[in-house]
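Q: Need a 3D model of the sequence below.
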Amino acid sequence: MKSIQPLRIKTITDYHKLMALPKPEHPLVSVLNFEVIKRLSGGKPTSIIHDFYSIALKRNFNGKMKYGQQEYDFDEGILIFISPGQVFTIEADEELQHSGWLLLVNPDFLWNTPLAKLIKQYEYFSYSVHEALHLSEKEEAIITGIIKNIEQEYHSPIDGFSQAVIIAQLELILTYADRFYHRQFITRKITNHKLLNRLEAILADYFTSNDLAEKGLPTVQYIAESLNVSPNYLSVLLKVLTGQSTQQHIHDKLIEKAKEKLSTTDLTVSEIAYELGFEHSQSFSSLFKSKTNCSPLEFRNSFIGPSIRQ
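A: Next comes the predicted model:
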């Protein structure tokens, strides 16, 4: 069956045309109230790619939005971030209705400013829709206030200060979003701890299966997909909750398994390295020493004595 190519929207002006909106007042920036955006092909899902940054504060959305394999129904105020080139899908059975604000920024607007580089470090631009930021009433009021400041500047005549004023407000939104995401990681304890438990279960299953010897260590991508979250979201969540990245969790599980084999079997270090998915025992020994400050043989000898076969 022929696949349907996503609809690519290259410029903010093209977005305005598609949505039957008046021409934007600035070619590289737009601030829209969602109540004026109603045009969307009814019934059929529409996959879209923007060539510009999108920041959406959504409320009362009557459709469904989907990133990758995950979808989200909007019942309350949330903030989502979409970077240029990301594919997302919108489906509405009837005329699209929602409230809130949409901020569109062409990457060229940030050119030759510190934000051009800094914005790529905000990992929530690669999160999935179901990992959106759920705002409290107070947080939503803060973000709405900043967007209205940008809107006011957007509608003002362009002068030598316009870009600096808008970028300063945009940076403020990104900083607040960073703070609110950290708050969300901490306050959604039940959901997050369920995810931690599932992470432990996935790692335990993987390290007791034949996958380890056949496929090597699990990748961060594999773990994230098994948990139905994006790799960046998982890494930031784990950093906030445990102080360790996903990769460090994988290595901790590996070292735990290596210690078990070193202390309970007569397998050589090379044999253990092979069973743990390493092609070269030197790589295993190097990782083991970096994590434990002793070599595999030193660990074995200190645990069960030097008489055991090395």
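Q: residue contacts, Ile272?
A: Contacts for Ile272 (Cβ atoms under 8 Å, 6 or more residues apart in numbering) come out as 258, 261-262, 265, 284, 296. Quick note: C-beta positions are derived from backbone N, CA and C, even for glycine.
Q: okay, the residues you listed in CSV with pLDDT next?
A: Converted to CSV, the contacts of Ile272 look like this (pLDDT from 0 to 100):
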residue, pLDDT
Ala258, 91
Lys261, 90
Leu262, 91
Thr265, 89
Phe284, 91
Pro296, 92
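Q: these two touch, right, Ala56 and Leu102?
A: Yes: with contacts counted by Cβ atoms under 8 Å, Ala56 reaches Leu102, the gap being 5.1 Å.
Q: Now do the shared contacts for the two.
A: By Cβ under 8 Å, 6+ apart, the residues touching both Ala56 and Leu102 are Phe34.
Q: Would you map out the domains in this protein?
A: For the chain, the TED database gives the domain ranges 7-179, 209-303.
Q: Pipe the contacts of Ile272 into CSV and attach neighbour count per row.
A: Output for the contacts of Ile272, formatted as CSV (neighbours: other Cβ atoms under 10 Å):
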residue, neighbour count
Ala258, 24
Lys261, 18
Leu262, 20
Thr265, 13
Phe284, 22
Pro296, 24
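Q: ok, the nearest residue to Leu217 once chain neighbours are set aside - how many residues close by?
A: The shortest distance from Leu217 to any non-neighbouring residue, by Cβ to Cβ, 6 or more residues apart in numbering, is to Gly277 (5.4 Å). Look at Gly277: counted by other Cβ atoms under 10 Å, it has 18 neighbours.
Q: what's the helix or strand for Gly277?
A: For Gly277, there is no host helix or strand (DSSP states H and E).
Q: State the distance from it to Ile250.
A: 11 Å (Cβ to Cβ, to the nearest Å).
Q: which residues are in contact with both of these two?
A: Contact criterion Cβ under 8 Å, 6+ apart; residues shared by Gly277 and Ile250: Leu217.
Q: By residue count, which helix of the protein is the longest?
A: In the chain, assigned by DSSP state H, the helix with the most residues is helix 162-187.
Q: from the chain's centre, how far out does that helix sit?
A: 16 Å (Cα atoms, centre = their mean, to the nearest Å).
Q: name the helices or strands packed onto it?
A: strand 78-82, strand 99-105, helix 114-118, strand 133-134, helix 137-154, helix 231-242 (3 or more Cβ pairs under 8 Å, 6 or more residues apart in numbering; DSSP states H and E).
Q: Is it possible to get JSON lines of the domains of the chain that adds distance to Ala201?
A: Compiled in JSON lines, the domains of the chain are given as follows (distance: least, Cβ to Cβ, whole Å):
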{"stretch": "domain 7-179", "distance to Ala201": "20"}
{"stretch": "domain 209-303", "distance to Ala201": "10"}
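Q: To Lys194, which of those lies closest?
A: Closest to Lys194 of the domains of the chain, according to Cβ to Cβ: domain 209-303, at 10.0 Å.
Q: burial count for the residue nearest to Ile78 when sequence neighbours are not counted?
A: Distances taken as Cβ to Cβ, 6+ apart place Ala132 nearest to Ile78, at 4.4 Å, with adjacent residues excluded. Ala132 has 21 neighbours, counted by other Cβ under 10 Å.
Q: now Leu103
A: Considering only other Cβ under 10 Å, Leu103 is surrounded by 24 other residues.
Q: quick one: it from Ile143, how far?
A: Leu103 is 10 Å from Ile143, by Cβ to Cβ.
Q: Quick check: neighbours shared by those two?
A: Jointly contacting Leu103 and Ile143 under the rule Cβ under 8 Å, 6+ apart are Ile173.
Q: quick revisit: go through the domains of the chain and find the least confident stretch.
A: Of all these, the minimum mean pLDDT falls on domain 7-179 (a mean of 84).
Q: Could you give the separation of that domain from the chain centroid?
A: Using Cα atoms, centre = their mean, the offset of domain 7-179 from its chain centre is 16 Å.
Q: returning to what we had before: tell me which of the domains of the chain lies nearest to Asn197.
A: That would be domain 209-303 among the domains of the chain, by Cβ to Cβ, at 10.6 Å.
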